[in-house]
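>>> sequence and predicted model, in that order:
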Amino acid sequence: MKRLLTIAALGLPMLYQVPALATDAENLKVKLAEIKSLKADFSQTVTDLNNKVIQTGEGVFALSQPNQFYWHLTAPDESLIVADGTDVWVYNPFAEEVSVMDINQAINASPIALLVHSDDATWSQYNVKQKDNCFDISPKDTDSGVSEVQVCFNQTSLTQMVLTDQQGNISDFRLSNQNKIAENDRDLFKFVVPDDVDIDDQRLKLTN
């Protein structure tokens, strides 16, 4: 279940210029450009392949450009994911452990990364299909842990994210009480490692 929550949350938020003949991907970029940043409460429902509810939860979600993301599951069990612009921290208070990876590793893990990344090379790795106010995002690489993400908007608000993994489990996130990031919320994107916590450093090590 921890893997489900991590995959569901990784990746995350993005924004930018659009050519005259807009594709579905470019239309999504415009929607994201209108948001720039947000903080919201979320409710989560996870269902399996047979549409059976296997978990519910709630928490706080925030994003800011570029490459900053905050996902805090507060119930039923606490879990925290923070992308600070360079690294992504995944904290499990119950297990007293935190994993850290490069932002590009997280981007490669989930289509929801398009919400936080503007690089054309990254966007080229995904297919985007628009259906009214929703956009279906799927990786061209079939080895990705998430097979599809749908993001839905109400004018300039992001209202829903639905993630489907390769096992057919669906994580449905509904956002509420949405506002733009205030200056006193900026610390959400800074992770401080608690004392006496094991660190699993998965960041890529560059060699000469």
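Perfect, thanks for sending it. Numbers count the residues shown, from 1 in each chain.
>>> what about the strands in this protein?
For the chain, applying DSSP state E gives strands covering 37-47, 53-64, 68-75, 79-84, 87-92, 97-102, 126-131, 134-139, 146-154, 157-165, 170-179, 198-201.
>>> tell me the spacing between the nearest residue to residue 68 once chain neighbours are set aside and residue 71.
Closest residue to residue 68 apart from its sequence neighbours, by C-beta to C-beta, 6 or more residues apart in numbering: residue 189 at 4.3 Å. C-beta here means a position set from N, CA and C on the backbone, and glycine is covered the same way. Residue 189 sits at a distance of 11 Å from residue 71 (criterion: C-beta to C-beta, to the nearest Å).
>>> go ahead and confirm the residue nearest to residue 68 touches residue 81.
No - counting by C-beta atoms under 8 Å, residue 189 does not reach residue 81; the two are 11.1 Å apart.
>>> quickly list what's touching both of these two.
Each of 69, 70 lies in contact with both residue 189 and residue 81 under the rule C-beta atoms under 8 Å, 6 or more residues apart in numbering.
>>> look at the two and report which has more neighbours.
The residue with more neighbours, out of residue 189 and residue 81, is residue 81; 24 against 18, by other C-beta atoms under 10 Å.
>>> identify the bridge partners of the more buried one.
residue 71, residue 90 (DSSP bridges).
>>> just give the nearest non-adjacent residue to residue 125, would you?
residue 140 (5.6 Å).
>>> dump the strands of the chain into a markdown table; add distance to residue 116 and mean pLDDT as well.
What follows is the strands of the chain, written out as a markdown table (distance: least, C-beta to C-beta, whole Å; pLDDT from 0 to 100):
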| stretch | distance to residue 116 | mean pLDDT |
| --- | --- | --- |
| strand 37-47 | 11 | 94 |
| strand 53-64 | 6 | 93 |
| strand 68-75 | 6 | 91 |
| strand 79-84 | 7 | 91 |
| strand 87-92 | 10 | 91 |
| strand 97-102 | 13 | 92 |
| strand 126-131 | 13 | 92 |
| strand 134-139 | 13 | 91 |
| strand 146-154 | 12 | 87 |
| strand 157-165 | 12 | 91 |
| strand 170-179 | 15 | 94 |
| strand 198-201 | 21 | 92 |
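>>> got TSV for those, with distance to residue 29 too?
Compiled in TSV, the strands of the chain are given as follows (distance: least, C-beta to C-beta, whole Å):
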stretch	distance to residue 29
strand 37-47	16
strand 53-64	15
strand 68-75	17
strand 79-84	19
strand 87-92	22
strand 97-102	23
strand 126-131	9
strand 134-139	10
strand 146-154	12
strand 157-165	14
strand 170-179	20
strand 198-201	33
